[in-house]
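Undergrad: Sequence and predicted structure are below.
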Amino acid sequence: MCQDNPVKPISCIPACMAALAAAAPGQPASGAPPYRNAKLAVEERVEDLLSRMTPRERAEMLAGGGWMESHANQRLGIPAIKMADGPLGVRNWAGPSAVTNSASVAPVHATAFPAGIAMAAAWDPELVERTARAVAQEVKALGRDMILGPTVNINRVPLWGRNFEGYGEDPYLASRLAVAYIRGVQGEGVIPSVKHFAANNQEFERHRMDETISERALEEIYYPAFRAAVQEAGAWAVMSAYEKLNGHWCAENPSLLGDTLKKRWGFRGFVISDWGSTYSTAATIDAGLDLEMPGGEPMRHWLAQPSTKRDGNGGGWLEADKVMAALAAGTVKQEAVDDGVRRLLRVMFTAGLFDHPHTPGGAVDTPEQRAVARTAATEGIVLLKNAANALPLDAGHTRSLAVIGPNAKVARTGGGGSSLVLPNYAVAPLEGIKEIAGSRVEVRYALGAPMEGESASASAQAMRDEAVALARRSDAAVVVVGLSSRLESEGFDRKSMDLPAGQDELIEAVAAANPRTTVVVVAGSPVTMTRWIDRVPAVLFAWYGGQEGGHAIADVLFGTANPSGKLPVTFPREWRDATAYGHYPGENLRVAYAEGIYVGYRGFDRRNVEPLFPFGHGLSYTRFEYSGLAVSPARVAPGAPVTVTMTLRNAGSRAGAEVVQVYLHQLHPSEDRPPKELKAFRRVMLAAGESQTVKLELAPQAMSFYSAARKEWVTEPGMFEVLAGASSRDIRLKATFEVGR
Ligand code: BGC
């Protein structure tokens with residue numbers, strides 16, 4: 001829906017509405033006002049309804065009606081927008097995180113899909129769109145209208161507590177996936193919320209931190225996914241971030257919301273605040289915030305708690321009394337209020353909220369949705385290392401298998417905070433492994449080391465000894481380590497990149513006891529592996545795989561599935577190698593993004609630092625050969641696209657998918673540019689021995705950079721190098737083309 005016009009998507013609302021109108025149940029009752037007529041154009045309905053609203057009724061629309069609902073107007077029959085957290089599935093909407101996650105609240109069960117970072121590791125926009133569709137179907141089935149996702153903030157710091165929610169460190173990859181997610185959700189008539197605008201890259205002091213970020217870094221790194229969401233996918237809603245950006249809270253930042261989002265990008269949907277992120281009435285409305293959340297009694301109750309204020313939350317500023325007072329005092333203009341109301345109504349009509357409301361009671365966690373969750377979990381797994389083809393486990397030579405570790409028997413479906421979904425069931429790796437092993441392989445388990453923060457029944461030494469003994473008498477061992485939703489979560493950052501206490505020692509001890517040891521890491525961001533990476537033949541990075549994660553891990557271990565995931569973030573050897581090191585978490589509530597555009601692999605390339613595993617890295621059980629790179633035309637006018645073709649061959653003996661990556665490098669730019677930047681990619685599935693011509697287009701924007709001096713995106717004439725390969729550090733083919741004058 002609304003995808004035909006990539007530049008001004010909401011201007012196609014009448015067309016979208018025509019489609020929705022066709023499905024609307026019959027004519028409006030005779031004498032009903034025009035806004036009730038599903039056959040009229042959205043803008044006509046908006047104007048008609050707005051004209052019937054009193055100033056107070058308009059003001060009321062700008063604040064939430066509850067914890068997860070916008071304000072409903074009984075007199076005019078304006079429904080509330082009923083929201084639920086995401087983006088990894090539908091989360092219970094009953095109240096603040098602490099309440100929502102507590103057992104005392106009637107639980108809402110929904111499919112737990114893999115974390116955003118796992119989805120990113122699949123490099124498969126079509127899969128993201130399919131997953132988002134499934135999420136949106138559950139939103140509707142549960143009687144809600146809006147999902148608070150996707151999270152598209154860039155992984156700047158490996159310690160960020162919410163790395164697992166987002167799509168990694170690269171703006172192009174994040175953009176493609178953001179667009180796919182929004183298309184999936186909006187295609188179902190559900191409202192997404194692209195969050196958190198902008199540059200929510202750390203949890204530490206997220207309510208108070210003032211980030212200094214250069215215009216160029218914003219344009220090239222932190223904005224692109226939001227911009228693509230707005231301009232290509234026609235996103236209906238954007239959520240502002242908590243922190244201050246260049247001196248202004250994001251919720252009252254005129255340059256961010258007004259100038260960039262609404263004026264420059266032409267956004268015609270509504271801006272929703274993050275929960276508890278507002279600090280003023282006039283400045284917030286003026287800047288361009290349209291809906292303050294949460295609202296009503298739940299907001300007042302929450303703000304009255306000392307811990308809420310202590311954390312730095314703010315709210316209650318857009319309540320009708322305050323807005324009316326500001327209107328009377330002349331500090332807020334009626335047009336600004338009307339603009340917000342228009343935006344809300346426009347989205348509500350477009351999504352069909354007036355014409356076919358979503359009613360609870362539909363099916364969730366269906367076999368189809370489970371299948372999508374399993375595919376997504378499988379495609380996202382990254383085979384980091386596989387010396388001497390240690391994997392897949394050969395059932396012929398593996399009669400007994402030791403499964404060890406704090407993440408083996410517990411299904412860690414996602415990281416912590418507002419994205420955590422409560423599924424009906426969740427498959428732990430041990431369960432998945434036992435299922436696939438059947439009677440062929442004897443599977444035995446030992447905890448080995450308790451997860452930090454969880455209780456232990458014996459001493460660390462005794463547990464490790466038990467695991468080592470088990471590994472010694474087994475043909476092979478799988479050690480499943482990583483993090484948990486208590487250690488990696490919204491609300492705080494990790495203190496270190498290291499694995500939790502006891503896990504490195506456990507891996508070392510098991511690997512010493514059994515050379516056929518595979519490590520599986522379940523986590524949402526890079527972990528330090530230096531102590532043991534050279535002592536184990538095989539490592540899988542499984543992320544948080546949602547409720548089907550355990551099946552996916554088992555499928556890859558035994559070769560039922562051939563891994564094809566690629567890292568959407570650089571894995572530094574150590575935290576001090578990371579590009580944000582030294583510029584995080586800031587001092588005196590200020591943090592300067594001093595690395596500028598050199599985030600992730602851009603910075604590793606530029607400083608010539610060897611990562612542990614580069615951006616884009618991921619192995620397969622088969623081998624791919626690249627040949628015949630051609631770029632056409634060899635000389636292109638500025639503003640014209642370039643076509644890149646090459647031949648990809650599966651040179652191994654089993655079917656598999658490769659993610660072909662195309663990076664671009666401008667040879668002599670007038671301003672500093674990264675040594676390479678991802679500008680195209682494609683996941684290609686090939687049968688054993690099969691070859692395919694892979695054709696990718698480099699859009700005109702791919703050649704440009706943001707010039708702070710000129711305050712615009714610039715494409716310079718000159719030579720460009722096309723680098724095609726299997727990762728950012730495994731470039732197989734190079735070619736050049738020229739941008740003419
Ligand atoms: C999070 C948002 C979330 C909202 C509502 C906030 O704390 O930052 O991502 O959507 O809460 O739960």
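TA: Thanks, I have the structure now.
Undergrad: and the most centrally placed residue in the chain, how far is that from Lys695?
TA: Nearest to the geometric centre of the chain sits Gly166, at 2.7 Å (C-alpha atoms, centre = their mean). Counting by C-beta to C-beta, to the nearest Å, the gap from Gly166 to Lys695 is 29 Å. The C-beta positions use only the backbone N, C-alpha and C, and glycine is treated the same way.
Undergrad: Find the nearest non-adjacent residue to Val332, please.
TA: Ala326 (3.9 Å; C-beta to C-beta, 6 or more residues apart in numbering).
Undergrad: Now do the strands in the stretch 551-700 of the chain.
TA: Taking DSSP state E, counting those that start in this stretch to define them, one finds strands in the stretch 551-700 of the chain at 590-592, 624-632, 635-636, 642-650, 656-666, 677-686, 691-698.
Undergrad: Now do the closest residue to the ligand within the stretch 301-450 of the chain, the pLDDT please.
TA: Residue nearest to the ligand within the stretch 301-450 of the chain (C-beta to the nearest ligand atom): Ser418, separated by 3.8 Å. Note for Ser418: predicted pLDDT of 95.
Undergrad: any idea which of the strands of the stretch 551-700 of the chain is most buried?
TA: Highest mean neighbour count of these: strand 656-666, a mean of 23 (counted as mean count of other C-beta atoms under 10 Å).
Undergrad: Within range of the ligand, give me the residues from the stretch 101-250 of the chain.
TA: Residues of the stretch 101-250 of the chain found near the ligand (C-beta under 6 Å from any ligand atom) are Leu148, Lys195.
Undergrad: any low-confidence regions in the stretch 101-250 of the chain?
TA: The stretch 101-250 of the chain contains no residues with pLDDT under 70.
Undergrad: Please repeat the previous calculation with a cut-off of 90.
TA: 101-107 (pLDDT under 90).
Undergrad: hmm, back to that, can you add distance to the ligand and give the strands of the stretch 551-700 of the chain back as CSV?
TA: Shown next, in CSV, are those (distance: least, C-beta to the nearest ligand atom, whole Å):
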stretch, distance to the ligand
strand 590-592, 18
strand 624-632, 38
strand 635-636, 41
strand 642-650, 37
strand 656-666, 28
strand 677-686, 26
strand 691-698, 33
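Undergrad: Look up how far Val443 lies from Trp713.
TA: For Trp713, the distance to Val443 - C-beta to C-beta - is 55 Å.
Undergrad: got it, and Ala592?
TA: 51 Å.
Undergrad: and what of Gly314?
TA: 52 Å.
Undergrad: again, but for Leu218
TA: For Leu218 relative to Val443 (C-beta to C-beta), the value is 50 Å.
Undergrad: and if you look at Ala84?
TA: 38 Å.
Undergrad: The two - which one has more neighbours?
TA: Ala84 (26 against 21; other C-beta atoms under 10 Å).
Undergrad: these two touch, right, that one and Arg144?
TA: Yes. If you go by C-beta atoms under 8 Å, Ala84 and Arg144 touch, sitting 4.5 Å apart.
Undergrad: what touches both of the two?
TA: Val90, Trp93 (C-beta atoms under 8 Å, 6 or more residues apart in numbering).
Undergrad: that's a strand at the residue nearest to Val332, yeah?
TA: No. Looking at Ala326 with DSSP: H, G, I helix; E, B strand; the rest coil, it is helix, so not inside a strand.
Undergrad: Now do it: how many residues are near it, please.
TA: With other C-beta under 10 Å as criterion, Ala326 counts 23.
Undergrad: correct me, but it touches Ala282?
TA: Yes. Because the distance of 5.1 Å satisfies C-beta under 8 Å, Ala326 is recorded as touching Ala282.
Undergrad: Show me where the protein dips below the pLDDT cut-off.
TA: In the chain (pLDDT under 90), the answer is 1-31, 94-107, 394-397, 455-457.
Undergrad: interface residues of it facing the ligand?
TA: Counting by C-beta under 6 Å from any ligand atom, the chain sits next to the ligand at Asp85, Leu148, Lys195, Asp274, Trp275, Ser418.
Undergrad: could I get these as JSON lines with distance to Asn588?
TA: Putting the residues of the chain next to the ligand into JSON lines (distance: C-beta to C-beta, whole Å) gives the following:
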{"residue": "Asp85", "distance to Asn588": "32"}
{"residue": "Leu148", "distance to Asn588": "31"}
{"residue": "Lys195", "distance to Asn588": "27"}
{"residue": "Asp274", "distance to Asn588": "23"}
{"residue": "Trp275", "distance to Asn588": "26"}
{"residue": "Ser418", "distance to Asn588": "28"}
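Undergrad: which ones among those residues are found in helices?
TA: Assignment to helices by DSSP state H places none of those there.
Undergrad: Most neighbours among those, which one?
TA: In these, the most neighbours by other C-beta under 10 Å go to Leu148, 28 neighbours.
Undergrad: For that residue, give me its contacts.
TA: Per C-beta under 8 Å, 6+ apart, neighbours of Leu148: Met83, Ala84, Asp85, Gly86, Pro87, Ser193, Lys195, Met239, Ser418.
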